[in-house]
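**Q** With the input below, show me the fold.
(one chain, ligands or ions: 1)
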Amino acid sequence: MPESATMTKENFVTCDLLDANPESQVCLPNIEGKSFYSFGGKDKFCGEVVTVKCFEDNSRVKSLLNSDGKDKDGNGKVLVVDGGGSMRCALLGDMIAQSAIDNHWAGVIIYGCVRDVDDMAQMELGVMALGCIPRKSNRRDEGQTDLEISFGDLTLNSGMFVYADNNGIIASDKPLI
Ligand SMILES: O=C([O-])CC(=O)C(=O)O
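**A** Alright, predicted model coming up:
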């Protein structure tokens, strides 16, 4: 296992990053009976956080990842979406995931669901979510960007840094790599 001093964005291990930075936040593996799973083609990803809070409406997710929002380019960032843990509809599918890749996002973490998971599993994008469901969300142009969000013992703001791999998700105020 690489020492944290030699870890890169490609080979980091969250366990080692956390050992070296014990003040970091750690996402719980069980959040009221729900857990995060990897649905993207990349199960190791990290980057600066951009937060979205929405409920069963992926308008903000679509506009940010399509880069018609205020960020013109994802610049290797990770969109973290507090979808309220809803398991009733998907906030991300293969089309929006492809926009995220085209606009250089490193990944998307959704406290909620995704769909089109067979295609997503082949895509060069990190995607962590609680589950999958065929139903899409109902866009009403609701939801907010850059709010403080909390789930699974994490409290995140835009500008923080998040690291995800098969061990779980950790977050920090400062870059760990
Ligand atoms: O459009 C949506 O809401 C989700 C979806 O299916 C996609 O991104 O392909």
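**Q** buried set for stretch 83-94?
**A** Within stretch 83-94, the residues scored as buried using 16 or more other C-beta atoms under 10 Å are G83, G85, S86, C89, A90, L91, L92, G93, D94. For glycine as for every other residue, the C-beta is placed from the backbone atoms N, C-alpha and C.
**Q** which residue ranges form the helices in this structure?
**A** Per DSSP state H, the chain carries helices over the ranges 14-20, 59-65, 94-102, 117-120.
**Q** rewinding a little: would you check which of the buried residues of stretch 83-94 are in contact with the ligand?
**A** A90, L92, G93, D94 (C-beta under 6 Å from any ligand atom).
**Q** these two touch, right, the second one and L64?
**A** In other words, L92. No: the criterion here is C-beta atoms under 8 Å, and L92 misses it with L64 at 11.1 Å.
**Q** Just put the ones next to the ligand among the buried residues of stretch 83-94 in JSON lines and tack on pLDDT.
**A** Putting those into JSON lines (pLDDT from 0 to 100) gives the following:
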{"residue": "A90", "pLDDT": "98"}
{"residue": "L92", "pLDDT": "98"}
{"residue": "G93", "pLDDT": "98"}
{"residue": "D94", "pLDDT": "98"}
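**Q** which of the helices of the chain is buried the deepest?
**A** Each of the helices of the chain was scored by mean neighbour count; the highest is helix 59-65, a mean of 23, by mean count of other C-beta atoms under 10 Å.
**Q** Contacts only, for S172.
**A** Counting by C-beta atoms under 8 Å, 6 or more residues apart in numbering, S172 touches N21, E23, S24, Q25, M160, F161, Y163.
**Q** which residue packs closest to the second one, ignoring adjacent ones?
**A** Read it as E23. Take E23 and drop its neighbours on the chain: the residue closest to it by C-beta to C-beta, 6 or more residues apart in numbering is S172, 7.7 Å away.
**Q** Next one, pLDDT for that neighbour please.
**A** The pLDDT attached to S172 in the predicted structure is 98.
**Q** on that earlier part again, any idea which of the buried residues of stretch 83-94 is closest to H104?
**A** Comparing these against H104 with C-beta to C-beta picks out L92 as the nearest, at 16.5 Å.
**Q** Quick check: the nearest residue to the closest one once chain neighbours are set aside vs I169, distance?
**A** Nearest-residue entry for L92: V114, 4.6 Å, with adjacent residues in sequence omitted and distances by C-beta to C-beta, 6+ apart. V114 is 15 Å from I169, where distance means C-beta to C-beta, to the nearest Å.
**Q** Report the separation between the closest residue to the ligand within the chain and A129.
**A** With C-beta to the nearest ligand atom, the shortest gap between the chain and the ligand falls at G93, namely 2.4 Å. G93 sits 11 Å away from A129 when distances are taken as C-beta to C-beta.
**Q** just Q122 next, same as before
**A** Distance, Q122 to A129, using C-beta to C-beta: 16 Å.
**Q** I am finished for the moment; much appreciated.
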